[in-house]
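> 3D model of this:
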Amino acid sequence: QVQLVESGGGLVQPGGSLRLSCAASGSNFDWYAIGWFRQAPGKEREAVSYISSRSDKIYYLDSVKDRFIISRDNSKDTATLEMNSLKPEDTAVYYCAAGPVGHISWSVEQVYNYWGRGTQVTVSS
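Numbers count the residues shown, from 1 in each chain. From the prediction side, this is the model:
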């Protein structure tokens, strides 16, 4: 079992930055890939980024490439999503998820076993 807790969300102006953290507790964090998802009001949840258990595979949603950076520190059981040049359309609840997910299925939320409760990100002037 892995418990995940997101933090770092908030209100930021367009063009600003936020750093989301995902803290894991339980066991075997380093076994699992980490995915970041988001859900905007009235929209389906979508995959934003993925990092494999050893950080050797990383993927991004096209609309966040070159703006977001995903990383993890297995020694601290944490994962991070650094978000730069934020846009109003990035407004959403952001979730981290963990599971034995191969990189081919990185954007499929059903294959992730563990989920955090989410953190709100609002980009507005």
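
> what's the pLDDT at Gln1?
Looking at Gln1, its pLDDT stands at 85.

> Please apply the same query to the one 3 residues further on.
Confidence per residue is given as pLDDT, and for Leu4 that number is 97.

> could I get the helix or strand that contains it in PDB with only the CA atoms?
Here Leu4 is covered by strand 2-7, with elements defined by DSSP states H and E. Provided in PDB are the C-alpha atoms of strand 2-7 (Å, rounded to 0.1, in the frame of the first residue of the first chain):
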ATOM      1  CA  VAL A   2       1.100   3.500  -0.800                       C
ATOM      2  CA  GLN A   3      -0.500   6.700   0.400                       C
ATOM      3  CA  LEU A   4       0.100   9.800  -1.600                       C
ATOM      4  CA  VAL A   5      -0.400  13.400  -0.500                       C
ATOM      5  CA  GLU A   6      -0.100  16.400  -2.900                       C
ATOM      6  CA  SER A   7       0.900  19.900  -1.900                       C
END
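
> Tell me the first helix or strand C-terminal of the host helix or strand of Arg38.
Per DSSP H and E, Arg38 falls inside strand 33-39. Per DSSP H and E, the first helix or strand lying C-terminal to strand 33-39 is strand 46-51.

> how about that following strand: buried residues?
Buried residues in strand 46-51, counting neighbours by 16 or more other C-beta atoms under 10 Å, are found at 47-51. The way it works is simple: take the backbone N, C-alpha and C, and place the C-beta from them, glycine included.

> Show residues contacting it.
33-39, 57-61, 64, 68, 70-72, 79, 81, 94, 101, 103, 106-109 (C-beta atoms under 8 Å, 6 or more residues apart in numbering).
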